[in-house]
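1. sequence first, then the predicted structure:
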Amino acid sequence: MTTTPDPAARRPDASVPAARDTEAPSAETLSDTPITAADPSGAPAPVSRATVALPGSGADRSRTRAELSRGTFDLLVVGGGILGTSVAWNAAQSGLRVAMVDAGDFAGATSSASSKLVHGGLRYLQTGNLKLVAENHRERRSLATTVAPHLVNPLPFLVPVYEGGPHGAAKMGAGVFLYSALSAFGDGMGRLLSPAQAARLAPGLRTEGLKSVAAYGDHQMNDSRMAIMTVRAAVDAGAVVLNHAEVVDLRRTGTRVTGAELRDRTDGTEFGVDARLVLNATGPWVDHLRRMEDPAAAPSVRLSKGAHLVLRTPEPWRAALTIPVDRHRVSFAIPWEGRLLLGTTDEEYTGDPAEVSVLPSDVEQILGEAELGIDAPYLDASHVDYAFAGLRVLPGGGGDTSAAKRETVVTQGRGGMLSVAGGKWTTYRHIGRTVLNELRKVRAVPLAEEMADPLRTVPLPGLASPDAVAQRILIDREPGARMEPPVARHLASHYGSLALDIAALIREDPALGERIHPDGPDVWAQVVFARDREWAVTVDDVLRRRTTVTVRGLETPGVRDRVQRLLTAPVPVTR
């Protein structure tokens, strides 16, 4: 059985798929990685401090396997994407003994292939679902103000209105006003801008035929970093977690599912986990695990592929574009991690989830739709540094996937295993609480009697003002240390106060302050931190999900080699 595999990606061209999810995330495949940047210096990878077992190391994985095999857990969560991680976090806060495993990396597939938005959902206004928009706004504001203000960032959005376009200026102006009203004007008032005003925020905006631009506010984040921080929060609450651990069979007591047999994909070690209740949160593989429970289980979900492109731009954007494609669909152009994120597609996918990829037709579609609102010179395919695809999990049924409801479905199988599928980043905490309430209702396993009410709002680790953290990092740096202001800001906005721990690594070993690639803000200390504190096992764990090297198109064979040497180096001891 496979839960969430590790996507590797390559730069798209006219004939080669740009990204795919690979079945074996523990095996690095150089031919499947983007090679788009000049290799930096081939100097030896820095190695810091003397030997201790920490999250990514073999000895620590051995201890984690032993803990997973000890006694009986109240809940075993299979799948470490946004749904599984949120449930594990909420359940651990409720006092349950919780285990979570994933066959690949945490958030290794769909959960790190999103549009990186925390938003109310402007398109839901068209369906009249004002309650849903208001609920999304409340959760968005909570994430941005109390749970993860160090990770979730405000961003202006612009909707261009063109002559002959699907929407008029009056309609869009009223729409963004209502949208901002449903968030109690927490991001200011939705309004109309002139083309000149909008072009200053989005320099590539196509102004030919542009009548007006509607403006509103939402938020964005780095989904991989959000996921890792949530895993850390679950562990802080008491959960025991292990990535790269594949379920090969289910344990049963009589006819009831009471655990799982697993194989550690890093070294082949087999072990088992006993649990009173098993939750299947494997995303696109949810029916695969359901059939392991019951070979006759009918399909419960269908899949929709969403592809994205990451472009270099000649100048930075200060606002995102929501480009109407027709009366129902939009395409996004979002400034993100120093690049421009374009997408997404929305088409039914019936293949193996492990083989999802960005095809040349996806590239053509995304660039073509972006051209509705962006000047053509910006959209040269040679500017694409990276491409990725993920699979949305939708309720089973017919019709166009773009019109399908984005809702979470919880079912219980013949063996008592619960399965949860569907959801989105904006409401992932709410979904975790909803699933927790479903756990309380399982009569065969009276968990409700032992569950405390969790706190309503618990921040993610690292809660702090990124500006304050960046300032502190720069003040505390040693004279002559290689810590530039852009690097300090990058660390603060991706780790919050935990960036101070990375800065401490650099003070101990100044070589760790060197940039991984001269064109990006990530530094070698982040690799050490990912290995020692964030469960990074493979090169892709580090470059794609713990740092931003891959998504910026800065991954090279030399960088991969140096990261691999750091991952396999003896881990130094902190005295």
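-> That came through fine.
2. could you list the domains of the chain?
-> The record's domain parsing of the chain by automatic domain parsing lists 30-49+462-568, 58-111+224-297+405-450, 155-219+302-395.
3. please name whichever of these is nearest to residue 120.
-> Residue 120 sits nearest to domain 155-219+302-395 of all the domains of the chain, at 6.1 Å, using C-beta to C-beta. Bear in mind the C-beta positions are built from the backbone N, C-alpha and C, glycine included.
4. residue 384 and residue 448, how far apart?
-> 51 Å (C-beta to C-beta, to the nearest Å).
5. give me the more crowded residue out of those two.
-> residue 384 (25 against 13; other C-beta atoms under 10 Å).
6. the more buried one against residue 309, yeah?
-> Yes: using C-beta atoms under 8 Å, residue 384 is in contact with residue 309, at 5.1 Å.
7. that older thread, out of the domains of the chain, name the one with the poorest average pLDDT.
-> Among the domains of the chain, domain 30-49+462-568 carries the lowest mean pLDDT, a mean of 86.
8. pull the distance from that one to the chain's centre.
-> Centre-to-centre, domain 30-49+462-568 and its host chain are 19 Å apart (C-alpha atoms, centre = their mean, to the nearest Å).
9. do the same with stretch 362-377
-> For stretch 362-377, the distance to the chain centre is 24 Å (C-alpha atoms, centre = their mean).
10. export it as CSV, just CAs?
-> Extracted as CSV, the C-alpha positions of stretch 362-377 are listed here (Å, rounded to 0.1, in the frame of the first residue of the first chain):
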residue,chain,number,x,y,z
ASP,A,362,-1.0,21.3,-19.2
VAL,A,363,1.8,23.8,-19.9
GLU,A,364,0.1,25.0,-23.0
GLN,A,365,-3.3,25.4,-21.2
ILE,A,366,-1.8,27.3,-18.2
LEU,A,367,0.2,29.7,-20.3
GLY,A,368,-2.8,30.2,-22.7
GLU,A,369,-5.1,31.0,-19.8
ALA,A,370,-2.6,33.3,-18.2
GLU,A,371,-2.3,35.2,-21.5
LEU,A,372,-5.9,36.4,-20.9
GLY,A,373,-4.5,38.7,-18.3
ILE,A,374,-0.7,38.8,-18.6
ASP,A,375,1.4,40.2,-21.4
ALA,A,376,2.8,37.5,-23.7
PRO,A,377,6.5,38.3,-23.2
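11. can you tell me the helix or strand for residue 132?
-> helix 130-142 (DSSP states H and E).
12. again but with residue 228, I slipped
-> Per DSSP H and E: helix 223-236 holds residue 228.
13. which elements pack onto the following helix or strand past that helix?
-> With elements assigned by DSSP H and E, the helix or strand that comes after helix 223-236 is strand 240-242. When contacts are defined as 3 or more C-beta pairs under 8 Å, 6 or more residues apart in numbering; DSSP states H and E, strand 240-242 packs onto helix 58-68, strand 98-101, helix 223-236.
14. for the ones you listed, which one sits closest to residue 417?
-> strand 98-101 (14.2 Å).
15. pLDDT of the next helix or strand after that closest one, averaged?
-> For strand 98-101, the following helix or strand on the C-terminal side (DSSP H and E) is strand 117-118. Averaged over strand 117-118, pLDDT sits at 96.
16. nearest to residue 128, out of the domains of the chain?
-> domain 155-219+302-395 (11.1 Å).
17. distance between the ends of that closest one?
-> 31 Å (C-alpha to C-alpha, to the nearest Å).
18. likewise for stretch 368-385?
-> 17 Å.
19. returning to that earlier point: save the domains of the chain as a markdown table, and put in distance to residue 143 too.
-> Shown next, in a markdown table, are the domains of the chain (distance: least, C-beta to C-beta, whole Å):
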| stretch | distance to residue 143 |
| --- | --- |
| domain 30-49+462-568 | 12 |
| domain 58-111+224-297+405-450 | 8 |
| domain 155-219+302-395 | 7 |
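20. which of the ones you listed sits closest to residue 146?
-> domain 30-49+462-568 (8.4 Å).
21. I'd like the helices and strands packed on strand 240-242 laid out as TSV, including mean neighbour count and distance to residue 389.
-> Below are the helices and strands packed on strand 240-242 laid out as TSV (neighbours: other C-beta atoms under 10 Å; distance: least, C-beta to C-beta, whole Å):
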stretch	mean neighbour count	distance to residue 389
helix 58-68	17	30
strand 98-101	28	24
helix 223-236	25	14
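22. between the ones you listed, which gets nearest to residue 444?
-> strand 98-101 (18.4 Å).
23. describe which strands the closest one pairs with in its sheet and in which direction.
-> In the sheet, strand 98-101 lines up against strand 72-78 (parallel), strand 240-242 (parallel) (DSSP bridges).
24. continuing past the last one, what's the next helix or strand?
-> Toward the C-terminus, strand 240-242 is succeeded by strand 245-253 as the next helix or strand (DSSP H and E).
25. give me the angle between that next one and strand 72-78.
-> Relative orientation of strand 245-253 versus strand 72-78 (axes from the mean of the first three to the mean of the last three C-alpha atoms, to 10 degrees): 130 degrees.
26. what sits up against strand 245-253?
-> 1-3, 65, 78, 101-103, 257-265, 270, 272-274, 278, 289, 292-293, 415, 417 (C-beta atoms under 8 Å, 6 or more residues apart in numbering).
27. so the closest residue to residue 74 other than its chain neighbours: helix, strand or coil?
-> Take residue 74 and drop its neighbours on the chain: the residue closest to it by C-beta to C-beta, 6 or more residues apart in numbering is residue 96, 4.0 Å away. Classification of residue 96 by DSSP: H, G, I helix; E, B strand; the rest coil places it in coil.
28. what about residue 96, distance to residue 77?
-> Residue 96 is 11 Å from residue 77, by C-beta to C-beta.
29. one more: residue 159?
-> In terms of C-beta to C-beta, residue 159 sits 39 Å off from residue 77.
30. look at the two and report which has more neighbours.
-> residue 77 (32 against 28).
31. which elements pack onto the helix holding residue 228?
-> Using 3+ C-beta pairs under 8 Å, 6+ apart: helix 223-236 touches helix 82-93, strand 98-101, strand 240-242.
32. and these as a markdown table, adding distance to residue 520?
-> What follows is these, written out as a markdown table (distance: least, C-beta to C-beta, whole Å):
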| stretch | distance to residue 520 |
| --- | --- |
| helix 82-93 | 26 |
| strand 98-101 | 31 |
| strand 240-242 | 29 |
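33. show me where the stretch 201-350 of the chain has strands.
-> 210-220, 240-242, 245-253, 256-264, 270-280, 301-311, 320-324, 330-336, 339-343, 347-349 (DSSP state E, counting those that start in this stretch).
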